[in-house]
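Q: Model the structure of this input:
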Amino acid sequence: MQIAPIANSFAREVQGVSLWQPVSEPDRAAMLAAYRETGVLVFRRQALSEDELVAFGRLVGAPSLYAETAWLSSTPEVIILSNLLSSDGSMLGGLANNRLDWHTDQSYYAEPVTGCFLYGVELPAEGGETSWASLYTAYETLPPELAKAVEGAVGTFSFAARVGGKNRKSNDNHDTDRRIRETPDVKHPLVNVHPKTGRKALFIDPKTVTGIDGLPQDEANDLLDRLLAHTVRPENVYDHDWQPGDLVLWDNAVVLHKREGFPSENSRLMKRMILKLDPAEHIIPPVVQ
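A: Residues are numbered from 1 along each chain as shown. Below is the predicted model:
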């Protein structure tokens, strides 16, 4: 097994491993060390059943169930993201062919499940690319005035703001009203510290962070806009052009991601899992009361 840089980006490709076969303990340890360090690992040319996806998830963390039950596959830990229809004409999974702006998953929970991977089964001829931006590197390269402004800052993270109002999409198969009722706003620090290394990462989520404690709304909006612009500079972003059999593993506490839309006449089928990570080995954003 080799772990190699990808086009001078922060992401790493894990080569020479077939995830449908047992992974040795030394390879697993090396893989998890790279995952903790970078936040994004890419595995290409994999051919995995849903049981094998779950087995891989258990190598990384504890597979968890997603709140959108309509998105779940027949293997309940596996989530379907697609614009395909089932045999009865209903949506298969969620998100359709929508463009998804920069975000991080589960930031709106008091105890977010931060591990996640996507596995490409069927890909459109054009569009659908996914990009990741490192929140580690973003923090480490902050201009002094931004670093000072964000240190100790606490943000309000709102699922209702993320999916409601003008952000609401009619064709993504969300049970939006139920999710809003069940997901009250929470507060998290905008800078988190790795429990072992002491390395710091930003924790921002555009369209989900609605304010910053102690700042007027206009000042909070300006600071968040500046942090996002800094985070997603091209030199800090890994763009992934999907191929069938690709699996990309990431840590939502230390990266943002986005997805490009694609033509509705093209088919896309992805399988996804969320993974509860070890809080002794990963940043788990704490809730602020």
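Q: only C-alpha atoms for contact and neighbour calcs from this point on.
A: OK.
Q: The nearest residue to Asp246 once chain neighbours are set aside - how many residues pack around it?
A: If the residues on either side of it in the chain are set aside, Asp246 comes closest to Arg44, at 4.4 Å by CA to CA, 6 or more residues apart in numbering. For Arg44, the count of nearby residues is 21 (other CA atoms under 10 Å).
Q: Can you name the residues in contact with the helix or strand containing Glu145?
A: Taking DSSP states H and E as the criterion, Glu145 maps to helix 144-150. For helix 144-150, the external contacting residues (CA atoms under 8 Å, 6 or more residues apart in numbering) are 139, 190-191, 223, 227.
Q: Serialize those to a markdown table and add fields for secondary structure.
A: Output for the contacts of helix 144-150, formatted as a markdown table (DSSP: H, G, I helix; E, B strand; the rest coil):
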| residue | secondary structure |
| --- | --- |
| Tyr139 | helix |
| Leu190 | coil |
| Val191 | strand |
| Leu223 | helix |
| Leu227 | helix |
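Q: for the helix holding Glu145, which positions count as buried?
A: 147, 150 (16 or more other CA atoms under 10 Å).
Q: Off-centre distance for it?
A: Distance of helix 144-150 from the chain centroid (CA atoms, centre = their mean, to the nearest Å) equals 25 Å.
Q: okay, it in PDB with CA atoms only?
A: Provided in PDB are the C-alpha atoms of helix 144-150 (Å, rounded to 0.1, in the frame of the first residue of the first chain):
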ATOM      1  CA  PRO A 144      -3.400  38.000  11.600                       C
ATOM      2  CA  GLU A 145      -6.500  40.200  11.700                       C
ATOM      3  CA  LEU A 146      -8.700  37.200  10.800                       C
ATOM      4  CA  ALA A 147      -7.000  34.900  13.200                       C
ATOM      5  CA  LYS A 148      -7.500  37.400  16.000                       C
ATOM      6  CA  ALA A 149     -11.200  37.900  15.100                       C
ATOM      7  CA  VAL A 150     -12.000  34.200  15.000                       C
END
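Q: Just after that helix, pick out the following helix or strand.
A: As assigned by DSSP H and E, the chain's next helix or strand after helix 144-150 is strand 154-157.
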